[in-house]
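# Provided below for reference: sequence and predicted model.
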Amino acid sequence: GARNVGVQQSRGSSLLFLDADDVFLPPHISVLTGALQHVPTAIGARSQVQLWDSERDSSIRGVTARWKAAVDNGAPTNLVISRDVHKCVRGYPSGLSVGEDFIYAQRLLALSSHLALPLLRVPFETVRYHRRPGNSLDRQREKFSVDTEDG
């Protein structure tokens with residue numbers, strides 16, 4: 001997919017991903033790279049994601065804790081990893097219309113567990129994910145306010 005092409009064309013040793021409907025908040029890069037410098041054995045670092053309604057210019061309210069955690073744990077834009085870690089998990093899966101972010105996140109967790117090395121969690125929001133008409137967040141927003149097992 002496009003993220004793997006971006007990695008191939010990039011030059012740095014650390015990788016960050018940014019989608020068209022996301023914005024890095026000012027501390028994002030320094031917070032995540034700082035976390036990795038503090039714990040150099042970590043395979044990566046993740047922050048939390050601010051869910052933003054672009055039409056109302058405000059945070060999205062009423063998101064259940066379960067769905068917020070799913071976004072925080074699966075979004076590609078609140079993550080920094082090394083190029084080597086990306087190679088080790090074989091990059092983002094290709095040929096899928098949905099689910100590649102979830103699969104990538106699961107691969108990272110499996111690698112972290114297998115190597116007994118942490119994937120760090122930064123406890124505040126450093127990325128804003130914009131809900132715009134028709135984007136993934138917009139299509140899923142009804143689910144975000146329902147806390148069911150099959151939600």
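Structure received. Numbers count the residues shown, from 1 in each chain.
# Only C-alpha atoms from now on, for both contacts and neighbour counts.
Noted.
# just the strands in the protein please.
Here the chain has its strands, by DSSP state E, at 14-16, 22-24, 44-53, 58-59, 79-82, 119-131.
# got a pLDDT number for the nearest residue to A35 once chain neighbours are set aside?
Closest residue to A35 in three dimensions, ignoring its sequence neighbours and counting by C-alpha to C-alpha, 6 or more residues apart in numbering: A45, at 6.8 Å. The confidence metric pLDDT takes the value 98 at A45.
# can you pull up the bridge partners for A45?
Assessed by DSSP bridges, A45 has beta-bridge partners V80, L120.
# wait, it sits on V80?
Yes - the pair formed by A45 and V80 meets the contact definition of C-alpha atoms under 8 Å, at 5.5 Å.
# List of residues touching the longest helix along the chain?
Ranked by number of residues, the top helix in the chain under DSSP state H is helix 100-115. Outside of helix 100-115, the residues within contact range by C-alpha atoms under 8 Å, 6 or more residues apart in numbering are 43, 73-76, 89, 91-94, 118-119.
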